[in-house]
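Undergrad: pasted the sequence and its predicted model underneath.
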Amino acid sequence: MDHSSPPLPPLDALRAFDAAARLGSFSAAAHDLNLTHGAISRQVAKLEHWLGEKLFDRQARGVVLTPQGQRLHQRTTEAFALIADSADRWVERRGAAVVRLTTIPSVSNLWLMPRLKAFESGDPPLRIEFVVEHRNTDLEADGIDLAIRCGRGSLPGRVCVRLLEEHCFPIASPALAASLGSGAVERLLNCPLVHDSDASGWRAWFTAQGLDYRPKPQDRRFEDYNLVLDAVAHGLGVALARPPLAGEALRSGRVIAVDHRTALNPVSYWLDRPSSRLRPASAELARRIIAEAGLPLSVAEAFLKT
């Protein structure tokens, strides 16, 4: 099997070609790259020889791309943009230190955003760059410094610490709560039960009350807890309050408790980092997040230790 790399065009020549194509002039490209006009001309000639294609038509006031040159310039523009985007993930920004943090939409909106100003303030000042998605990414490959996720345990290839646990209880809109009243747990089974992509919280809650929960056709599933809270506030059913995320909805009265009995959700919130050593800005944000979760300093130091 041939493991050799495919032949590449001369990269210096590609860079000279891209500048000339962008600026429409060898002289302008030379100024942009701090080279001479002759150097740009030689690099473009080298690339044309390598490709066996004419890339520019030389004119009195500059150069114009040939059809072959236009196709190549489209590709070089895409390639250089991809390289720049990838490199940007690894370069420390100027000014306030930037930390790339990935998490799901509900955690971003309901837990991080109310605390964002506090997390970014202090000495040193920080700036958090959110990467919001549901999948568990490869942190190092994607240039991610920290991750907050919902899950049931540690993930391989990461250093993880449990941030928060959830003691859940049922909530509904004020109107639906009034119609349900108080009483036996079984009354909730007559309502649509709303949950996100994981219904394990409801199973744990009913099990704690001595009942077996089996999903019914009337139950409603939404992919993110933001939508769960909205559905409940609009009277579409009963959901579980997840205390780290539902606090503002409860304080505002959009939703209220319909039963104060609680159960521990098997899903917890975790702070993850790559196995490699964190940059100082990322380590500082990790300390601030762990402190906000009410964990002792020793937990933060153990999490940051390589």
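TA: Noted; the coordinates are in hand.
Undergrad: all the strands of the stretch 101-250 of the chain, residue numbers only.
TA: Taking DSSP state E, counting those that start in this stretch as the test, the strands found in the stretch 101-250 of the chain are 126-132, 146-151, 158-164, 167-172, 194-195, 220-221, 239-241.
Undergrad: can you add distance to Thr76, mean pLDDT and mean neighbour count and give those back as JSON lines?
TA: (Each C-beta comes from the backbone N, C-alpha and C, glycine too.) Shown next, in JSON lines, are the strands of the stretch 101-250 of the chain (distance: least, C-beta to C-beta, whole Å; pLDDT from 0 to 100; neighbours: other C-beta atoms under 10 Å):
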{"stretch": "strand 126-132", "distance to Thr76": "27", "mean pLDDT": "92", "mean neighbour count": "16"}
{"stretch": "strand 146-151", "distance to Thr76": "34", "mean pLDDT": "94", "mean neighbour count": "21"}
{"stretch": "strand 158-164", "distance to Thr76": "36", "mean pLDDT": "95", "mean neighbour count": "18"}
{"stretch": "strand 167-172", "distance to Thr76": "54", "mean pLDDT": "96", "mean neighbour count": "21"}
{"stretch": "strand 194-195", "distance to Thr76": "49", "mean pLDDT": "95", "mean neighbour count": "23"}
{"stretch": "strand 220-221", "distance to Thr76": "46", "mean pLDDT": "94", "mean neighbour count": "16"}
{"stretch": "strand 239-241", "distance to Thr76": "51", "mean pLDDT": "97", "mean neighbour count": "26"}
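Undergrad: looking at the ones you listed, which is nearest to Leu264?
TA: Proximity to Leu264 (C-beta to C-beta) singles out strand 167-172 among those, at 5.8 Å.
Undergrad: distance from the closest one to the middle of the chain?
TA: 27 Å (C-alpha atoms, centre = their mean, to the nearest Å).
Undergrad: in CSV, list the C-alpha atoms belonging to it.
TA: Extracted as CSV, the C-alpha positions of strand 167-172 are listed here (Å, rounded to 0.1, in the frame of the first residue of the first chain):
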residue,chain,number,x,y,z
HIS,A,167,-33.1,17.1,42.6
CYS,A,168,-36.1,17.4,40.3
PHE,A,169,-39.8,18.0,41.1
PRO,A,170,-42.9,18.4,38.8
ILE,A,171,-43.8,21.9,37.5
ALA,A,172,-46.7,23.2,35.3
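Undergrad: which neighbouring elements make contact with it?
TA: helix 200-208, strand 239-241, helix 243-252, strand 256-257, strand 263-264 (3 or more C-beta pairs under 8 Å, 6 or more residues apart in numbering; DSSP states H and E).
Undergrad: can you tell me which of these is most buried?
TA: strand 239-241 (a mean of 26; mean count of other C-beta atoms under 10 Å).
Undergrad: pLDDT weak spots in the protein?
TA: Scanning the chain with the threshold set as pLDDT under 70 gives 1-6, 85-96, 306.
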